[in-house]
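K.L.:
Predicted coordinates and the sequence they were generated for:
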Amino acid sequence: MAELWDLVASSQKQQQALGERVKELDGSCKASNHGARHLLECESCYGKLVDLMRRRYLESTEEEWFSGRKAFLRELDRMFTDAKDLKVTLKDVDARIVKERDQWLRLRIKASTTIPVLAEASMSQAEFKSKLIDPNVQPRKLLEEILNAASVQQLRSDNAEKLQKAVDASDGDRSQLLKELIIPAELSEKSDIADVSSQLGDDVPISSAFKSVLSRREAASRKGNEMKKWQRRLDELRRAQGAHHAQQKRMSDARQGVPPRPELLQKSVKCETCSKEIDPADSALVCRPCLFFMEAHVRDKAAIYCSRECAEKGQDEHCAVSHQCISDDTCVQASDGEDVVMSGVDDEPVLCRECTQTLKLEAMFCSRDCASANFQRHRESSHLPMRKEKNLKVDDGRDLVYDKDDQTRYHVKDIGDHIMGFDDENIVTGEGANSEIRVKT
């Protein structure tokens with residue numbers, strides 16, 4: 001797979017070439033005295049303009065961001081045909097291209113190992129992740145912001161002379177001049193920078209030097225992830241031990257006639273909003289999704305509030321952080337580019353049935369429609385890997401309906417068989433004042 005930078009550069013190069021061809025066509029139109037103010041208004045040249053754009057995307061021999069996206073290219077082909085027949089405008093075509101490109105770019109930035117590192121020059125990792133999933137932030141603008149801040153995209157004007165000297169220098173001197181140009185003296189002592197600097201001194205290509213450092217970072221990251229995995233396993237064992245002791249105590253209390261209390265209120269907890277200690281004897285308000293996942297043995301704790309004021313103040317933020325739609329950037333609300341007002345039964349948040357009941361994962365969709373639209377992506381990213389990891393045999397092939405035009409795409413016959421609402425199970429929420437807070441979308 002080509003590097004993101006190479007694909008972006010290739011796209012820019014091809015767009016510049018297209019701009020030149022359009023400029024030539026416009027000059028020819030004016031020279032021929034067609035009488036039109038713009039190519040879009042010229043009956044003789046409009047079809048040629050559409051053909052130029054069609055060839056740009058459907059006959060490109062370069063590896064670009066849209067290469068291999070067969071469904072998108074088929075849709076684009078149909079749109080160009082409709083544009084020739086004046087059924088759609090070229091503005092509509094361009095908007096569709098931009099939407100697909102932004103979706104591709106967002107996914108590539110998310111999967112990149114180098115871009116999050118570069119982003120540290122201008123923002124925290126939390127801010128980077130927030131901007132990446134924000135539908136109002138264009139991924140192209142985000143990438144430009146990161147590159148500009150990291151001084152990758154542009155050279156300072158006072159370095160122009162040094163760059164020219166490096167280009168004109170002999171092979172023996174070029175690496176040293178480039179090293180001085182790329183690595184500021186004040187950063188040369190940092191461990192990673194010093195390693196790159198030493199490799200450049202051995203005439204190692206710049207890209208190879210940086211790749212070696214990134215490879216070590218990735219190895220360290222994998223080791224860290226492995227440690228986190230074992231730590232999670234240790235935490236699970238501790239929770240299991242705690243649950244076993246709690247169960248033994250409940251059985252003992254039952255034998256002695258002690259009335260049971262809701263599990264999450266058997267000890268003092270802190271209010272999610274104000275951090276006030278909540279005594280088990282006091283009334284409390286509990287986040288509904290948290291409580292549901294606790295009763296399903298997916299989550300080990302819930303957000304609890306000391307008062308309705310704290311619940312109304314903190315629940316929205318809690319849901320935004322802990323109960324986001326699992327569809328992420330392909331959520332039907334995010335893809336529309338605007339907030340969608342939910343109403344009716346089908347617009348209530350729903351849970352993935354297999355994740356909740358079998359895989360013990362938190363997987364919530366903002367609506368039934370979102371679950372249906374994103375089922376394939378969720379199944380392939382969560383169900384299939386977890387089934388393999390847990391050695392589970394699940395035959396859901398009979399439920400899949402494949403796209404006639406693209407056999408790699410599919411949906412389920414009835415999404416209702418694969419999702420569940422918060423009222424599908426009998427969940428103990430407590431009586432009287434110990435009530436629940438419904439999730440807000």
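P.N.:
Happy to help now that I have it.
K.L.:
just the helices in the stretch 301-441 of the chain please.
P.N.:
Applying DSSP state H, counting those that start in this stretch to the stretch 301-441 of the chain gives helices spanning 308-322, 332-335, 353-354, 368-373, 375-378, 384-390.
K.L.:
so where's the chain uncertain?
P.N.:
Along the chain, segments meeting pLDDT under 70 span 1-3, 5-6, 150-221, 239-240, 242-268, 280-283, 334-347, 423-441.
K.L.:
Can you show me the strands along it?
P.N.:
Ranges of strands in the chain, per DSSP state E, are 269-270, 277-278, 285-287, 304-305, 350-352, 364-365, 400-402, 410-412, 419-420, 435-437.
K.L.:
can you list the domains in the chain?
P.N.:
Following the assignment in automatic domain parsing, the chain carries domains at 4-111, 157-204, 311-426+433-437.
K.L.:
Mean neighbour count and distance to I133 added to the ones you listed, as TSV?
P.N.:
The C-beta positions use only the backbone N, C-alpha and C, and glycine is treated the same way. Shown next, in TSV, are those (neighbours: other C-beta atoms under 10 Å; distance: least, C-beta to C-beta, whole Å):
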stretch	mean neighbour count	distance to I133
domain 4-111	15	8
domain 157-204	13	28
domain 311-426+433-437	16	6
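K.L.:
between the ones you listed, which gets nearest to C274?
P.N.:
Judged by C-beta to C-beta, the one of those that comes nearest to C274 is domain 311-426+433-437, at 8.2 Å.
K.L.:
Switch the strands of the chain over to JSON lines; also include distance to A296.
P.N.:
Output for the strands of the chain, formatted as JSON lines (distance: least, C-beta to C-beta, whole Å):
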{"stretch": "strand 269-270", "distance to A296": "20"}
{"stretch": "strand 277-278", "distance to A296": "23"}
{"stretch": "strand 285-287", "distance to A296": "14"}
{"stretch": "strand 304-305", "distance to A296": "18"}
{"stretch": "strand 350-352", "distance to A296": "9"}
{"stretch": "strand 364-365", "distance to A296": "12"}
{"stretch": "strand 400-402", "distance to A296": "26"}
{"stretch": "strand 410-412", "distance to A296": "22"}
{"stretch": "strand 419-420", "distance to A296": "10"}
{"stretch": "strand 435-437", "distance to A296": "15"}
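K.L.:
Quick one: closest of these to E64.
P.N.:
Nearest to E64, of all these, is strand 410-412, at 26.7 Å by C-beta to C-beta.
K.L.:
Contacts for that closest one, please.
P.N.:
S372, F375, Q376, D399, L400, V401, Y402, D403, H418 (C-beta atoms under 8 Å, 6 or more residues apart in numbering).
K.L.:
Just confirm the second one contacts D417, I think it does.
P.N.:
Spelled out, it's F375. No: if you go by C-beta atoms under 8 Å, F375 and D417 don't touch, sitting 10.9 Å apart.
K.L.:
distance between the ends of stretch 413-420?
P.N.:
Taking C-alpha to C-alpha, to the nearest Å, stretch 413-420 runs 16 Å from one end to the other.
K.L.:
before we move on, what about stretch 391-400?
P.N.:
21 Å.
K.L.:
do stretch 80-88 as well
P.N.:
End-to-end distance for stretch 80-88, by C-alpha to C-alpha: 8 Å.
K.L.:
Name the residues that touch that stretch?
P.N.:
For stretch 80-88, the surrounding residues in contact (C-beta under 8 Å, 6+ apart) are G47, V50, M53, R54, L58, M79, T89, L90, D92, V93.
K.L.:
residues touching the fifth one, list them.
P.N.:
Okay, so that is L58. Contacts of L58 (C-beta under 8 Å, 6+ apart): L73, L76, D77, F80.
K.L.:
What about those residues, which are in helices?
P.N.:
Counting by DSSP state H, the part of these found in helices is L73, L76, D77, F80.
K.L.:
for these, which one is nearest E380?
P.N.:
Checking the ones in helices among the contacts of L58 against E380 with C-beta to C-beta, the nearest one is L73 at 21.5 Å.
K.L.:
what about the spatially closest residue to T356 that is not a sequence neighbour, distance to K360?
P.N.:
In space, T356 comes closest to A296 once its chain neighbours are excluded; the distance is 5.4 Å by C-beta to C-beta, 6 or more residues apart in numbering. Applying C-beta to C-beta, to the nearest Å, the value for A296 to K360 is 8 Å.
K.L.:
Identify the farthest-apart pair in the contacts of L58.
P.N.:
Taking every pair in the contacts of L58 and measuring C-beta to C-beta, the maximum separation is 10.4 Å, between L73 and F80.
K.L.:
Show the contacting residues for G421.
P.N.:
Contacts of G421 (C-beta under 8 Å, 6+ apart): E348, V350, L351.
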